[in-house]
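# The following comprises the amino acid sequence and a computationally predicted model.
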Amino acid sequence: MTEFSPIVTTLEKESIHLGLDVRREVRRLAELLTETAPGLLDDPRWLAEARDLSCALPTTLRTALRNFSADSGQGGVLRIHGLPVGPLPPTPTQRESVARTATVPASALVLCTMVLGEVVGFEGEKHGALVQNVVPVPGEERKQSNAGSVDLEMHTENAFHPHRPDFVALSCLRQDPDGEAGLRVASLRRAIGLLSAEQRGILAEPRFRTDPPPSFNGSGSAVAHGAISGAPEDPDAQVDFHATTPLDAGADRAMSALREALEAVVDTVYFAPGDLAIVDNRVALHGRTPFSPRYDGHDRWLHRVFVHVDSRRSRADREGGGHVVS
């Protein structure tokens with residue numbers, strides 16, 4: 001039996017459908033991980049076992065994840081269909097919602113992301129939880145955050161932070177009943193050719209500032225930086241269209257051009273339960289379409305995990321060498 005079939009869309013985005021045998025093996029490993037003492041996602045002993053068990057994932061799945069880590073392609077996103085999910089309790093509705101206890105879907109997500117690198121949390125975001133719930137919260141509908149339900153602007157995750165994630169992984173436990181909510185992804189690799197040499201030059205100069213949210217208490221200084229950096233032909237992105245401010249008129253025009261270029265190549269991913277989308281946070285921005293929450297226990301529910309490929313670079317900001325970045 002074929003374990004998975006890679007599907008390449010017209011946007012060259014890789015989408016992997018796990019075969020029955022692979023789905024069964026991933027569930028078996030996830031269930032085994034939930035039984036690992038002390039059953040807490042943030043515990044070092046549990047994470048060590050997750051790291052070991054991630055090496056036992058079916059070869060085809062492990063290979064796809066490792067290859068994506070090395071080269072995320074033109075689209076900067078990998079979709080995997082068929083991870084274990086249910087049964088589920090009602091969708092949480094509280095602020096700062098996180099997953100602390102090991103469950104099958106959370107364990108499956110950690111197993112997959114451990115192949116990419118090390119799972120990390122941020123002290124100023126949901127108390128450093130490694131697996132976070134992305135759910136709509138009553139009263140926060142219009143906020144530019146994972147708790148809102150309005151259009152979420154395109155952004156590099158934690159663009160203000162010197163140790164922002166290399167990858168952002170989102171797994172779907174429950175889609176919104178009306179199917180309105182979509183993950184929007186735009187790859188800088190596709191957009192960069194739509195910008196002039198002058199615009200790219202301005203974007204690479206330290207003529208932008210991204211302020212951290214109040215919850216981070218100033219973590220990640222708001223110093224001037226480029227909206228793009230690195231190799232001119234394949235740059236990294238560092239921009240949040242809600243939080244990044246151009247520091248002069250020329251930078252403002254270049255940032256507007258960047259926004260238009262990204263919008264021209266944006267793709268929208270609509271989740272089904274068991275779907276996982278991994279976004280390369282270095283080369284792709286992401287956002288969300290608006291949706292209408294009901295707060296009846298059946299609203300959209302995603303798990304979110306951040307990954308560092310090289311966790312050593314943030315060691316000075318991780319107390320005791322743990323997984324939480326200050």
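Ah, there it is.
# tell me the centre residue of the protein?
residue 168 (1.9 Å; Cα atoms, centre = their mean).
# looking at it, that residue is touching residue 302, isn't it?
No: with contact defined as Cβ atoms under 8 Å, residue 168 and residue 302 do not form a contacting pair (10.9 Å). C-beta here means a position set from N, CA and C on the backbone, and glycine is covered the same way.
# can you pull out the helices in the protein?
Counting by DSSP state H, the chain forms helices over residues 20-34, 44-54, 59-70, 104-116, 188-191, 197-203, 249-265, given from the N-terminal end onward.
# Please name whichever of those is nearest to residue 150.
Across these, residue 150 has its closest neighbour in helix 249-265 (17.1 Å, Cβ to Cβ).
# Quick one: mean pLDDT for that closest one?
For helix 249-265, the mean per-residue pLDDT is 98.
# Mind exporting the C-alpha coordinates of it to PDB?
What follows is the C-alpha trace of helix 249-265 in PDB, where atoms were taken according to Å, rounded to 0.1, in the frame of the first residue of the first chain:
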ATOM      1  CA  ALA A 249       8.000  57.900   3.200                       C
ATOM      2  CA  GLY A 250      10.200  55.800   0.900                       C
ATOM      3  CA  ALA A 251       9.900  52.900   3.300                       C
ATOM      4  CA  ASP A 252       6.200  53.300   3.400                       C
ATOM      5  CA  ARG A 253       5.900  53.100  -0.300                       C
ATOM      6  CA  ALA A 254       8.100  50.000  -0.500                       C
ATOM      7  CA  MET A 255       6.100  48.300   2.300                       C
ATOM      8  CA  SER A 256       2.900  49.000   0.400                       C
ATOM      9  CA  ALA A 257       4.400  47.500  -2.700                       C
ATOM     10  CA  LEU A 258       5.400  44.400  -0.700                       C
ATOM     11  CA  ARG A 259       1.900  44.100   0.600                       C
ATOM     12  CA  GLU A 260       0.500  44.200  -2.900                       C
ATOM     13  CA  ALA A 261       3.000  41.600  -4.100                       C
ATOM     14  CA  LEU A 262       2.200  39.200  -1.300                       C
ATOM     15  CA  GLU A 263      -1.500  39.700  -1.900                       C
ATOM     16  CA  ALA A 264      -1.000  38.800  -5.600                       C
ATOM     17  CA  VAL A 265       0.400  35.300  -4.600                       C
END
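# what sits up against it?
The contact list for helix 249-265, computed with Cβ atoms under 8 Å, 6 or more residues apart in numbering, reads 11, 154, 186-188, 190-192, 194-196, 199, 202-203, 205, 207-208, 227-228, 239, 241, 244, 246, 285.
# 6 Å - rerun?
Under the contact criterion Cβ atoms under 6 Å, 6 or more residues apart in numbering, helix 249-265 has outside partners 154, 186, 190-191, 194-195, 199, 202-203, 207, 241, 246.
# And it, what's buried?
The neighbour-count check on helix 249-265 (16 or more other Cβ atoms under 10 Å) flags 251, 254-255, 257-259, 261-262, 265 as buried.
# how about those, which pair is most distant?
Pairwise over these, using Cβ to Cβ, the maximum falls at 251 and 265, 21.6 Å.
# the strands in the stretch 101-250 of the chain, which residues?
Defined through DSSP state E, counting those that start in this stretch, the strands belonging to the stretch 101-250 of the chain, from first to last, are 118-122, 131-134, 152-155, 167-174, 183-187, 208-210, 228-229, 236-237, 244-246.
# Using CSV, lay out these together with mean pLDDT and distance to residue 310.
Supplementary listing: the strands of the stretch 101-250 of the chain in CSV, determined by pLDDT from 0 to 100; distance: least, Cβ to Cβ, whole Å:
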stretch, mean pLDDT, distance to residue 310
strand 118-122, 93, 9
strand 131-134, 94, 21
strand 152-155, 94, 22
strand 167-174, 98, 12
strand 183-187, 97, 22
strand 208-210, 96, 22
strand 228-229, 98, 17
strand 236-237, 98, 14
strand 244-246, 96, 25
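# returning to that earlier point: okay, the buried residues of helix 249-265 in TSV with distance to residue 212 next?
Supplementary listing: the buried residues of helix 249-265 in TSV, determined by distance: Cβ to Cβ, whole Å:
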residue	distance to residue 212
251	20
254	23
255	19
257	26
258	21
259	21
261	26
262	22
265	28
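# What's the local residue count around residue 313?
Using other Cβ atoms under 10 Å, residue 313 has 12 other residues around it.
# Need the nearest residue in space to it, chain neighbours excluded.
residue 163 (6.8 Å; Cβ to Cβ, 6 or more residues apart in numbering).
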